[in-house]
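S.K.: Sequence and predicted model, in that order:
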Amino acid sequence: MTTIDVSPDRQTPDSSVAESVKDYYGKVLASSADLKTSACCTDAAPPPHIAAALARVHDEVMERFYGCGSPLPPALEGATVLDLGCGSGRDVYVLSQLVGPTGRVIGVDMTEEQLAVARRHQEWHAERFGHANTDFRHGYIEDLAAAGIPDASVDAVVSNCVVNLSPDKPRVLSEIFRVLKPGGELYFSDIFADRRLPAALLDDPVLVGECLAGALYTEDFRRILDRAGCPDARTVAASPVTIGDPDIERKIGFASFTSRTVRAFKLPLEDRCEDYGQLAVYRGTVPEHPHAFDLDDHHRFPTGKPVLVCGNTADMLGAGRYADHFTVIGDKSRHFGLFPCAPSDGAAAPGTGDPSGCC
């Protein structure tokens, strides 16, 4: 039997890949308009409350933003949030408004040019928001301890099209679950590939900088995340990546890429969706979601309606930040076998090839 090696890459955070990324985002790109593909940007309209928060972010910060989604989860008031690869600070300043004066947002990035933009406007945003709760740190997402992030110290970790840029993705995910509090949430957008990509593509700074050469194969992402202690990650949204540049298409067009928003929790979950006869009822108390709450692409909870859930979903809703917004009925004292949990269209659950499970 062939064994696939998904152990940490044999590269340190200051490897040639990291240096290529720093150069591309710090010197090559002057604004998001310089990007050659849709991988590191999104045309999707943000929800109204995010759009309102974005309207209060400084123009220079907005111009230097590069991301592939909107990885900003709900129910963040008072939370401590860590933004990995924060760049010029766009999402940090949006999060600053979402967590409010009792919350805190820490941004970590390895690119000094980007951090200089973020820090330049800290006082401007503090005056505009009426509170100062942002902290920008230079460091590598593979070594959050060196950036001063202690164990079990943050409620949520977000990142926006950054994990693919790391030369050591297993170490990144391990660090994320180290710093998350029990019940904490990883909520991020990134680029995923439909196959393993040749390592030689990492020598091309444009392919790396455009978030393609380092994209994880979806199945390897699932395996690495499982080894980091999370056997059940959920896809919230997904969309195909468009490669419009002929030269890039020639080099890497043999593969297909998807931009996905994924959430995962630091909880003792099972590797399959098991049925314990539990129900979850959404109370409608998240201000931006009065009528329904979407956990992922196949779990929608209308306000006030009891919904059958698997054990993992019950724990995600009842043992973390969302517990105040849900009533979970039942426990795990009686088991009824596998839970019939799959996307509504009958397709396989993301990253599994298995239509019978969430994870």
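M.R.: Thanks, I have it. Residues are numbered from 1 along each chain as shown.

S.K.: pLDDT weak spots in the protein?
M.R.: 1-43, 67-70, 342-359 (pLDDT under 70).

S.K.: What is the burial count for residue 331?
M.R.: Residues near residue 331, counting by other C-beta atoms under 10 Å, number 11. C-beta coordinates here come from the backbone N, C-alpha and C atoms, glycine included.

S.K.: so who does it touch?
M.R.: Remark: with contacts taken as C-beta atoms under 8 Å, 6 or more residues apart in numbering, residue 331 is in contact with 276, 278.

S.K.: and it, what helix or strand is that in?
M.R.: Under DSSP states H and E, no helix or strand contains residue 331.

S.K.: Could you check how far it is from residue 277?
M.R.: The spacing between residue 331 and residue 277, counted by C-beta to C-beta, to the nearest Å, is 9 Å.

S.K.: In contact with the nearest residue to residue 280 once chain neighbours are set aside, which residues are there?
M.R.: Counting by C-beta to C-beta, 6 or more residues apart in numbering, residue 280 lies nearest to residue 309, which is 4.7 Å off, once chain neighbours are set aside. Under the criterion of C-beta under 8 Å, 6+ apart, the neighbours of residue 309 are 278, 279, 280, 299, 317, 328, 339.

S.K.: Leaving out sequence neighbours, find the closest residue to the fifth one.
M.R.: For residue 317, ignoring the flanking residues on the chain, the nearest one in space by C-beta to C-beta, 6+ apart is residue 326 at 4.4 Å.

S.K.: Number of residues surrounding that neighbour?
M.R.: Residue 326 is flanked by 22 other residues according to other C-beta under 10 Å.

S.K.: Residue 333 and residue 278: what is the separation?
M.R.: For residue 333, the distance to residue 278 under the criterion C-beta to C-beta works out to 11 Å.

S.K.: should've said residue 102
M.R.: As defined by C-beta to C-beta, residue 102 lies at a distance of 32 Å from residue 278.

S.K.: Would you mind telling me which of the two has the busier surroundings?
M.R.: The residue with the greater number of neighbours, taking residue 102 and residue 278 and applying other C-beta under 10 Å, is residue 278; the counts read 23 against 10.

S.K.: Contacts only, for that one.
M.R.: Under the contact definition (C-beta under 8 Å, 6+ apart), the residues listed for residue 278 are 308, 309, 310, 311, 314, 328, 329, 330, 331, 332.

S.K.: Regarding residue 158, what is its secondary structure?
M.R.: Following DSSP: H, G, I helix; E, B strand; the rest coil, we place residue 158 in the strand state.

S.K.: what bridges to it?
M.R.: On DSSP bridges, the residues paired with residue 158 through beta bridges are residue 83, residue 187.

S.K.: let's number from 20 now, not from 1
M.R.: Okay, residue one is now 20; in that scheme the one you just asked about reads as residue 177.

S.K.: any chance you could map the helices in the stretch 270-378 of the chain?
M.R.: If DSSP state H, counting those that start in this stretch is used as the criterion, the helices of the stretch 270-378 of the chain fall at 330-337.

S.K.: Let me see the ranges of the helices in the stretch 120-269 of the chain.
M.R.: With DSSP H, counting those that start in this stretch as the criterion, the stretch 120-269 of the chain has helices spanning 131-139, 141-148, 188-198, 224-228, 237-246, 265-271.

S.K.: chain center to the third one, what's the gap?
M.R.: Right, the one you point to is helix 188-198. 12 Å (C-alpha atoms, centre = their mean, to the nearest Å).

S.K.: Quick one: residues contacting residue 67.
M.R.: Under the criterion of C-beta under 8 Å, 6+ apart, the contact list for residue 67 reads residue 307.

S.K.: Could you report the distance from it to residue 74?
M.R.: Between residue 67 and residue 74 the computed distance is 11 Å (C-beta to C-beta).

S.K.: what's the answer for residue 101, then?
M.R.: Using C-beta to C-beta, one gets 24 Å for the distance from residue 101 to residue 74.

S.K.: Between those two, point out the one with more neighbours.
M.R.: Ranked by neighbour count (other C-beta under 10 Å), residue 101 and residue 74 place residue 101 first, with 30 against 8.

S.K.: Do I have it right that the more buried one meets residue 122?
M.R.: No: the pair residue 101 and residue 122 fails to qualify as a contact (C-beta atoms under 8 Å) at a distance of 11.8 Å.

S.K.: Name the stretch from the helices of the stretch 120-269 of the chain that approaches residue 311 most closely.
M.R.: Ranking the helices of the stretch 120-269 of the chain by distance to residue 311, with C-beta to C-beta as the measure, places helix 237-246 first at 27.1 Å.
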